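>>> sequence and predicted structure are below.
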Amino acid sequence: MDGIVTRSTGNHYLIWLPHTQGFVVAQLAGKIRMHGLKHTNPVAVGDEVRLSNPIPGQPQTIEEIKDRKNYLIRTSTRLDKQTHILASNLDGLWVVASVLNPRTSTGFIDRILVTAEAYSIPACIVVNKSDLWVKHPDEADQFLAHFQGLPYPVFAVSAQTGEGIHPLEEWLLGKTTLVCGHSGVGKSTLINALKPDLSLRTGELSDKHQKGKHTTTFAEMLFLNSKTRIIDTPGIKEFGLYDIEDAQLGDFFPEIFRAKKGCRYSDCLHTNEPGCAVISEVAAGTIHADRFKNYLQMLESNHAEYRR
């Protein structure tokens with residue numbers, strides 16, 4: 001490895017060189033672009049690469065992309081059946097959400113958590129704008145209950161007041177962490193709260209729809225200190241699953257994976273099969289009904305994709 005991709009803008013990539021602690025700009029070798037990849041971005045932030053001439057001030061070409069230990073991937077919303085890699089070689093993932101202004105759907109969050117499980121990325125849920133919950137405590141309690149008992153840390157924070165920021169700093173320490181979520185949930189504001197001198201652009205919500213306006217336009221790795229890196233990403237409107245088959249899907253819901261050992265049939269999909277332990281636990285309330293509903297909707301989405 002010569003360097004790590006820290007920014008991707010069109011055909012140019014900003015590369016950090018660990019051996020010199022400097023940055024260079026590189027382009028992608030044509031032989032890599034011609035491999036017929038299904039990804040919209042053959043090079044992702046976080047990729048470790050080999051350069052043609054890793055010397056600052058000289059023209060650079062990415063000659064090789066090293067094997068990735070993991071990556072977060074979603075289906076592209078613009079190009080049919082193509083995929084987009086948000087970032088690679090991750091030690092952690094923040095799913096940033098908000099209960100209000102705008103509200104993040106639990107289905108959107110669960111899709112990201114499923115993908116994180118599938119690609120072995122430790123995830124946590126960062127619920128921003130806790131300062132707005134005072135007038136809406138029931139909505140906040142209902143939202144947080146969705147994730148109760150799951151193996152994902154949930155942080156209630158306010159980037160505006162600083163509430164809950166310190167535990168986030170501890171969770172990030174020494175890791176490369178991807179930050180993702182809808183526009184308007186406060187991703188860049190949170191990062192600014194962690195390191196104010198970054199001065200990332202932030203935006204207001206659309207008055208008409210209470211949706212976020214894009215302020216981050218490309219993924220970028222930011223250095224909080226010498227060992228802690230955070231990858232800021234543009235707001236995601238939709239998150240489509242990629243390459244997860246029906247038989248695998250339940251295994252990426254930790255509570256379904258645990259309960260399925262009690263199912264009568266080993267190939268149970270937990271829809272309407274007799275003797276399904278998962279359905280029994282949903283009825284008993286030990287598996288959250290909305291999490292199970294989101295699982296069924298993902299199954300249906302898979303079927304719709306296969307019919308296309």
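All right, it came through fine.

>>> do a quick rundown of the helices in the stretch 151-300 of the chain.
Per DSSP state H, counting those that start in this stretch, the stretch 151-300 of the chain carries helices over the ranges 165-172, 187-194, 246-249, 254-259, 277-284, 289-307.

>>> in which helix or strand does residue 121 reside?
Assigned by DSSP states H and E, residue 121 falls within no helix or strand.

>>> per-domain residue ranges of this structure.
3-65, 71-232, 246-307 (automatic domain parsing).

>>> any chance of CSV for those domains, columns distance to residue 239?
Every residue, glycine included, has its C-beta placed from N, CA and C. Formatted as CSV, these follow (distance: least, C-beta to C-beta, whole Å):
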stretch, distance to residue 239
domain 3-65, 15
domain 71-232, 5
domain 246-307, 11
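
>>> how about the ones you listed, which one is nearest residue 240?
Among the domains of the chain, domain 71-232 comes nearest to residue 240, with 3.3 Å by C-beta to C-beta.

>>> picking that back up, tell me which of the helices of the stretch 151-300 of the chain sits most buried.
Neighbour counts (mean count of other C-beta atoms under 10 Å) averaged over each of the helices of the stretch 151-300 of the chain peak at helix 187-194, with a mean of 21.

>>> any idea how far that helix is from the chain center?
16 Å (C-alpha atoms, centre = their mean, to the nearest Å).

>>> among the domains of the chain, which is nearest residue 238?
Among these, domain 71-232 sits nearest to residue 238 (C-beta to C-beta), with 5.3 Å.

>>> now do the end-to-end distance for that closest one.
Start-to-end span of domain 71-232 (C-alpha to C-alpha, to the nearest Å) is 15 Å.

>>> quick one: mean pLDDT for it?
Mean pLDDT, domain 71-232: 87.

>>> with stretch 298-308 instead?
For stretch 298-308, mean pLDDT rounds to 68.

>>> equivalent analysis for stretch 242-254, please.
95.

>>> so who does the closest residue to residue 190 other than its chain neighbours touch?
Spatial nearest neighbour of residue 190, excluding adjacent residues (C-beta to C-beta, 6 or more residues apart in numbering): residue 159 at 4.6 Å. Going by C-beta atoms under 8 Å, 6 or more residues apart in numbering, residue 159 touches 128-129, 165, 186, 189-190, 192-193.
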